[in-house]
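> The sequence and its predicted three-dimensional model are supplied below.
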Amino acid sequence: MKVGVGGTFNVLHRGHRRLLDTAIALNGELSIGLMSDDYCRMNKTVVLPYEQREKVLREYLESRTHDFQILPLNVREGSAPNESGLEALVVSEETQTLGPRINDMRSQNGLGPVRIIVVPYVLADDYRPISSTRILSGEIDVEGRLLRPLKVAVGSLNPVKIAAVRDTISRFHPQLEIAEVDASGLVSEQPWGKEAEEGAMVRARSCLGTNDLGIGIEAGVWEKDDGLYDIQYCAIVDQMGRASVGHGMGFRYPLAVAELVRQGSSVGAACAQLFEEGDQGSGMGAIGILTNGAMDRKMLTEQAVMAAMVPRIRKDLY
C-alpha cells in the first residue's frame, strides 16, 4: 500500500509528528510531498529553505521508518491526483477539504478514490492549534507550550469568582493574566433550572474577546422531588469556538429559604433575610452558612471551574 502525506513542514512540531506517525502506522510505502521554495514564495509568508525543512523531516522519518521518499511539490494537490498506486492520503484537520478535491481530480483522470484519513488538530496550551507560524513568532514552542501568559477573561466583577478562577486555572497555567468583565444584566437575578448553565455560557461568550479563554460562572436553583437545590455552573469557551461546561456539587436549601425563593426572592436576599451571616454574593454564601463554615462559596465555585476544565486538562482524550 502506498500512503501519501503533504505539507510545508516549516518547523517540525508535535502536530506534524502526529500526522507523520499516523501515516507510518498504516505500514505502507510512505510518499511525503514537501512544498517547494517556489510554491512557498508565492503562497506563504515566513518559510525556511527547502533543504533545511527536508533535512529535519528526513531525520525524523529515519528514526521511525526506512520505507519513505520525499518529493518536492509545486502545487497544493501534489502528484496525488495522478498516482495510480496511491491508496491512502493522510491530511490534517486544517487541510481536510483537500481530500475530496483530490478524489474528484483522480476521478477525472480515470483513477479510483483514495482513502482519506483526517488527523485532528494538536492544540497548544492556549487551546489553539500548534502551527509553524506561531512557533516562529515566539508565541509557542514546538511542543505547544505557551511562551506568554494565558489570557483569561471572567464574565463577572465578583471577587469570589475571580479568585476561584485564578486559583483553579493557575494550577495548570502558572503564567496567567485575568481580565474582569462586567456581564451584569445578561442573566436573570435568580436563574432557575437550565437558565444557570445557559447564563454561564452567555457570560463566557460575552467576555471572550481576544482572550484565550472566556469563563462564565452562574449559580441556579433546581426544583427536585425532595426540595430546592443549588447547582453552580461554569462554562469555558476558547478562540476555536469550543466550549466546556462543568458544575459543582448540588445541595438542598432549607425549607424557609426555598419558600422565599419560590415566592420570587433571590437566594441571596432570602439568606440575608433569614440569617445573620451576611452577603450571599461576596461573603461565604449559603454553603458557608449551611455548613457552619466547613465550605465557603469560593470552594464551591472552584469545583465548577475544575469540572469545566477537565476536557482541557486532558486535551488528548477529548
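Structure received.
> so where's the stretch 151-300 of the chain shaky on pLDDT?
Flagging of the stretch 151-300 of the chain using pLDDT under 70 yields the residue ranges 276-283.
> residues in contact with residue 175?
Contact analysis of residue 175 by CB atoms under 8 Å, 6 or more residues apart in numbering lists 146, 148-150. Every C-beta, even on glycine, is put in place using the N, C-alpha and C of the backbone.
> Which residue, neighbours along the chain excluded, lies closest to residue 193?
Nearest residue to residue 193, sequence neighbours excluded (CB to CB, 6 or more residues apart in numbering): residue 222, at 5.8 Å.
> To clarify, my last question referred to residue 245.
Of all residues beyond its chain neighbours, the one nearest residue 245 is residue 235 (5.0 Å), with distances taken as CB to CB, 6+ apart.
> Could you give the bridge partners of that neighbour?
Beta-bridge pairing for residue 235 (DSSP bridges): residue 216, residue 245.
> That one: how many residues sit nearby?
Using other CB atoms under 10 Å, residue 235 has 26 other residues around it.
> what do you get for residue 131?
Neighbours of residue 131 (other CB under 10 Å): 21.
> Tell me if I'm right that it and residue 15 touch.
Yes: if you go by CB atoms under 8 Å, residue 131 and residue 15 touch, sitting 7.5 Å apart.
> For the longest helix anywhere in the chain, which helices and strands make contact with it?
Taking DSSP state H as the criterion, the chain has its longest helix at helix 297-313. Secondary-structure packing of helix 297-313 (3 or more CB pairs under 8 Å, 6 or more residues apart in numbering; DSSP states H and E): helix 159-169, strand 213-224, strand 227-238, strand 243-247, helix 285-290.
> same thing but at 6 Å, please
Of the remaining helices and strands, those touching helix 297-313 by 3 or more CB pairs under 6 Å, 6 or more residues apart in numbering; DSSP states H and E are helix 159-169, strand 227-238, strand 243-247.
> Let's have these in a markdown table, adding distance to residue 135.
Formatted as a markdown table, the helices and strands packed on helix 297-313 follow (distance: least, CB to CB, whole Å):
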| stretch | distance to residue 135 |
| --- | --- |
| helix 159-169 | 24 |
| strand 227-238 | 19 |
| strand 243-247 | 26 |
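> and among the ones you listed, the most buried is which?
Each of those was scored by mean neighbour count; the highest is strand 227-238, a mean of 23, by mean count of other CB atoms under 10 Å.
> okay, the angle between it and helix 159-169?
Angle of strand 227-238 versus helix 159-169, following axes from the mean of the first three to the mean of the last three CA atoms, to 10 degrees, is 60 degrees.
> which residues sit against strand 227-238?
127, 196-197, 200-201, 204-205, 208, 213-219, 221-222, 243-248, 250-253, 258, 300, 304-305, 308 (CB atoms under 6 Å, 6 or more residues apart in numbering).
> if we can go back for a sec, just the angle between the longest helix of the chain and strand 213-224, please?
Using the same axes, to 10 degrees, the inter-axis angle of helix 297-313 relative to strand 213-224 is 120 degrees.
> just the angle between helix 297-313 and strand 243-247, please?
Using the same axes, to 10 degrees: helix 297-313 against strand 243-247 is 140 degrees.
> Just the C-alpha atoms of helix 297-313, please, in PDB.
Extracted C-alpha coordinates of helix 297-313, given in PDB (Å, rounded to 0.1, in the frame of the first residue of the first chain):
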ATOM      1  CA  ARG A 297     -18.600  30.000  48.200                       C
ATOM      2  CA  LYS A 298     -15.100  30.100  46.700                       C
ATOM      3  CA  MET A 299     -14.500  26.400  47.300                       C
ATOM      4  CA  LEU A 300     -17.900  25.700  45.700                       C
ATOM      5  CA  THR A 301     -17.100  27.800  42.700                       C
ATOM      6  CA  GLU A 302     -13.700  26.100  42.300                       C
ATOM      7  CA  GLN A 303     -15.500  22.800  42.000                       C
ATOM      8  CA  ALA A 304     -17.400  24.100  39.000                       C
ATOM      9  CA  VAL A 305     -14.300  25.600  37.400                       C
ATOM     10  CA  MET A 306     -12.400  22.500  37.800                       C
ATOM     11  CA  ALA A 307     -15.200  20.400  36.300                       C
ATOM     12  CA  ALA A 308     -15.300  22.700  33.300                       C
ATOM     13  CA  MET A 309     -11.500  22.400  32.900                       C
ATOM     14  CA  VAL A 310     -11.500  18.600  32.800                       C
ATOM     15  CA  PRO A 311     -11.600  18.300  28.900                       C
ATOM     16  CA  ARG A 312      -8.900  21.000  28.700                       C
ATOM     17  CA  ILE A 313      -6.600  19.300  31.200                       C
END
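> Which positions in it come out as buried?
Residues of helix 297-313 classed as buried by neighbour count (16 or more other CB atoms under 10 Å): 297-309, 311-312.
> nearest to residue 101, of those?
Residue 101 has its nearest neighbour among those in residue 311, at 32.1 Å by CB to CB.
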